[in-house]
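Peer 1: Build me a model from this:
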Amino acid sequence: MNRGNKLWEGHRMILPEHRARLLERETVPCQLPVMTEDMQEEIEYRVQEAMVHRKALRFVVGESDGEHTVEGRVVAYKPDTRSLQISNEWGKFLLPIQNIVRVF
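Peer 2: Below you'll find the predicted structure:
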């Protein structure tokens, strides 16, 4: 008799504290820090230098679900969408400038 995984399906449970935390994380959006002019100029300078010298950068990107780290080389700047085209081992993609929090 092959019941698959039905024996353990009914035994899965989650503690109420963990459930509340998961629901809270889903409902509360992440607040992006307010960028000062100095911070914006520093980011612009690092991006320009990396484009000229073809160096890889590490971007900290703020989104609604929190901060993420993205690494790659800046290939181009797209003024129409105000985004950077990033290239790394997974391919090329666009990174909106207004979402960038820090650059390393």
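Peer 1: longest single helix anywhere in this structure?
Peer 2: helix 37-53 (DSSP state H).
Peer 1: And that helix, how far out from the chain middle?
Peer 2: Computed by CA atoms, centre = their mean, to the nearest Å, the chain-centroid distance of helix 37-53 equals 19 Å.
Peer 1: pLDDT wise, what is residue 103 at?
Peer 2: Looking at residue 103, its pLDDT reads 93.
Peer 1: was I right about it contacting residue 57?
Peer 2: Yes: counting by CB atoms under 8 Å, residue 57 is a contact partner of residue 103 at 5.6 Å. Where C-beta positions appear, they are placed from N, C-alpha and C, glycine not excepted.
Peer 1: hey, what's in contact with both of these two?
Peer 2: Common contact partners of residue 103 and residue 57 (CB atoms under 8 Å, 6 or more residues apart in numbering): 46, 47.
Peer 1: With neighbour numbers in mind, choose between the two.
Peer 2: Neighbour count, other CB atoms under 10 Å: between residue 103 and residue 57, residue 57 has more, with 20 against 17.
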